[in-house]
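Enquirer: 3D, please:
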Amino acid sequence: MGKYKSIAVIYGSDSSEWEVSCRSGEYVANSIDDREFDVYEIFARFGKWQLVACRRINSMRVTFPEGARPDVDKSDFSVNVLGQKVKFDYAYVVQHGAPGETGQLQGYLEMLGIPFSSCGSYASMIAFNKYACKSYVRDLVKCAPDLLVRQGEDLDAFVQKASAELRFPVFVKPTQGGSSFGVTRVGDPSDLAGAVQFAFTEGPMVLVEQGVTGRELTCAAYFDGTEVRALPPIEIVSDNEYFDYDAKYNGHSREICPAPIDAALTAELQQTTCRLYSFIGCKGVVRMDYIAAADGLYFLEVNTIPGMTSASLVPKMIRTAGFGITEFLTCIIDNT
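Expert: Have a look, this model is predicted:
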């Protein structure tokens, strides 16, 4: 037996990514070793945390219909289920977006002393804000030029500044968020203001980043109990202009694992990912995205809680590395 028995898998979120989070969470919950752990699935959205299903060791999964789902007692992170009070030993966080990637959920768990699968509150807070994260790691890795604009600023003046300082096309992104929600590729400065306003629908700060031409690559790292290790990288080839929501979730991309790149670039990608993982203070499995351009490797962003559906990038890396998903999740649980 490992260190823990009762695993709470937390999914759903307060962001646009909540449905993707549910798919990831259900996949993780179904993949955790049922010979070793009791697994409790918690749907958490806008402060309402409810138990949607549970699966005890060597037993069938029991689901609770909407309207009859036990509420989680957040004072001690427990639930009354089937006539028994269960205090969770460990939280496997699969909340894409707020509060699971912003550090808020991690801060709650840290205050209660509950171990969990993801980065801590401080590292999560830094990593989730694209502008803050790039500012934090610029001395370690090459980053594309960018500008930050806040809601309420003079947008016409900002467009003039961006037109003068950045080379188009640019990518307009909410500083906090994922799954390409609110993201636009802008080829003409006349379209920039509209793209910024669209990104503001996801949050009050927007990053306008100069586009980099090259191959889109992603790599994940994790701690195995002894050292930080990298998984095999993936090259993403999108049918669309870029790897947008449609390409990610509607099959309009090819995700080649391992990436068909030479040994030197593979080594650079994996070493950079492990170095950034340690520098930021990451925990669990974390994915980092890059562009390999003619003048070097450009860092894009960190995904502290990457997608974990059967078709997601990290599970593909895990399978290519020769691990079973159940084996890998046990490694994460035992070493965070």
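Enquirer: could I get the pLDDT score of residue 149?
Expert: Predicted confidence (pLDDT) for residue 149: 94.
Enquirer: who touches the strand or helix carrying it?
Expert: For residue 149, the enclosing helix or strand under DSSP states H and E is strand 146-150. Residues outside strand 146-150 that contact it (CB atoms under 8 Å, 6 or more residues apart in numbering) are 131, 134, 155, 158, 161-162, 165-166, 175, 196, 204-210. Just so you know, the C-beta spots here come from the backbone N, C-alpha and C atoms, and that holds for glycine as well.
Enquirer: keep only those of these that are in strands.
Expert: If you go by DSSP state E, the contacts of strand 146-150 have 205, 206, 207, 208, 209, 210 in strands.
Enquirer: any idea which of those is closest to residue 27?
Expert: residue 207 (29.8 Å; CB to CB).
Enquirer: list the buried residues for the strand holding residue 149?
Expert: 146, 147, 148, 149 (16 or more other CB atoms under 10 Å).
Enquirer: run through the strands of the stretch 51-200 of the chain in chain order.
Expert: In the stretch 51-200 of the chain, the segments counted as strands under DSSP state E, counting those that start in this stretch are 61-63, 72-73, 78-81, 84-87, 90-93, 142-143, 146-150, 170-174, 184-186.
Enquirer: now, of those strands, which is deepest in the fold?
Expert: The highest mean neighbour count among the strands of the stretch 51-200 of the chain, using mean count of other CB atoms under 10 Å, belongs to strand 90-93: a mean of 26.
Enquirer: contact partners of that one?
Expert: 3-4, 6-10, 28-29, 32, 77, 100, 105-106, 109, 114-118, 305, 329, 332-333.
Enquirer: quick check: domain ranges of this structure?
Expert: 6-116, 126-142+213-334, 145-210 (automatic domain parsing).
Enquirer: on that earlier part again, could the ones in strands among the contacts of strand 146-150 go into TSV alongside pLDDT, neighbour count and distance to residue 261?
Expert: As requested, the ones in strands among the contacts of strand 146-150 are arranged in TSV below (pLDDT from 0 to 100; neighbours: other CB atoms under 10 Å; distance: CB to CB, whole Å):
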residue	pLDDT	neighbour count	distance to residue 261
205	92	20	34
206	94	26	32
207	94	23	27
208	95	25	29
209	95	22	23
210	95	18	23
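Enquirer: make TSV from those and add distance to residue 221 to it.
Expert: What follows is the ones in strands among the contacts of strand 146-150, written out as TSV (distance: CB to CB, whole Å):
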residue	distance to residue 221
205	27
206	28
207	24
208	28
209	23
210	26
